[in-house]
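Asker: Provided below are the primary sequence and the corresponding predicted coordinates.
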Amino acid sequence: MKKYILFICLSIILFACSGDSEQTMTVTGKVKGLKKGILYLQNFSDSTVVTIDSLQIDGDGSFTFKKELESPELFYLYLDKKDNNEFNDRITFFGEPGVININTTWNTFEPGAKIEGSVTHEKFVEYKAMMSEFNKRDIALAQEANNTEQPLDAVQIDSIRKISDRNFKRSYAFSITYALTHKDSYIAPYIAAIEIPEANPVFLDSIYKSLPENIANSKYGRKLKKRLEN
């Protein structure tokens, strides 16, 4: 019995010393092939990218970051490789309490990243995959409209414009529907507050009112509420 009590006491002490809580996000992983560089954990605050923590990589691409979270939110893992191209050096992921594992390589840092441990991130990837299809359609239409080999007449340009408008409306309709059908996920207020803040307030209000209390009180839930109040 004494041994059992001692074991419980030691466990409590070790847990207390660890500094982690139920709201701790631990981001861990490895950048294969990276020998030297600086890795940054970042997020958005007041429309500005803010560095939360950084780690000097020297000889081993392994890393660990810890952050206490109020609620799940979007984060960035930025690698400063001094290659004058920051766009392929930033991994976007939806962070949440728990352990999130990110493995990638130094030369395919963003496109080759594998992210595990975040349920909200899975929804984020699913949503972004569909939105990329709408974006591809927009790019194709823009290329067609700017065809210099065979200039388009007014009727053709007007037709392309109408198709582009329909594509735009479909993308908004998809975002609204996705948020409403995933109201139990933190991705819902994120989509409404960040991705489609200019949508019809009637739809944004419907999304907000469908949210459970804990999600409505999250970071993006409050942003959405503020947006509606304004």
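Answerer: In hand now; what should we look at?

Asker: can you map out the strands along the chain?
Answerer: With DSSP state E as the criterion, the chain has strands at 24-32, 36-45, 48-58, 62-68, 73-80, 90-95, 98-105, 114-116.

Asker: what about these, which gets the closest to E195?
Answerer: strand 73-80 (10.7 Å; C-beta to C-beta). (Glycine included, C-beta is placed from N, CA and C.)

Asker: Out of the strands of the chain, the one nearest M131 is which?
Answerer: It's strand 90-95; of the strands of the chain, that one is closest to M131 (C-beta to C-beta) at 13.0 Å.

Asker: Distance from stretch 103-114 to the middle of the chain?
Answerer: Its chain's C-alpha centre and that of stretch 103-114 lie 16 Å apart, by C-alpha atoms, centre = their mean, to the nearest Å.

Asker: CA atoms only: put that stretch into PDB for me.
Answerer: Provided in PDB are the C-alpha atoms of stretch 103-114 (Å, rounded to 0.1, in the frame of the first residue of the first chain):
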ATOM      1  CA  ASN A 103       7.800  15.400 -40.900                       C
ATOM      2  CA  THR A 104       9.200  16.800 -44.100                       C
ATOM      3  CA  THR A 105      12.400  17.400 -46.000                       C
ATOM      4  CA  TRP A 106      14.500  20.500 -46.300                       C
ATOM      5  CA  ASN A 107      14.100  20.800 -50.200                       C
ATOM      6  CA  THR A 108      10.400  20.000 -50.200                       C
ATOM      7  CA  PHE A 109       9.600  21.700 -46.900                       C
ATOM      8  CA  GLU A 110       6.000  22.800 -47.600                       C
ATOM      9  CA  PRO A 111       4.700  20.500 -50.400                       C
ATOM     10  CA  GLY A 112       6.300  17.400 -48.800                       C
ATOM     11  CA  ALA A 113       5.100  17.900 -45.300                       C
ATOM     12  CA  LYS A 114       3.100  15.100 -43.500                       C
END
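
Asker: roughly how far out does stretch 90-107 sit from the chain middle?
Answerer: 10 Å.

Asker: Now that stretch: average pLDDT?
Answerer: Summarised as a single mean, pLDDT over stretch 90-107 is 96.

Asker: if I look at the closest residue to M130 other than its chain neighbours, how far off is E133?
Answerer: Closest residue to M130 apart from its sequence neighbours, by C-beta to C-beta, 6 or more residues apart in numbering: F174 at 6.2 Å. Noted for F174: a distance of 9 Å to E133, by C-beta to C-beta, to the nearest Å.
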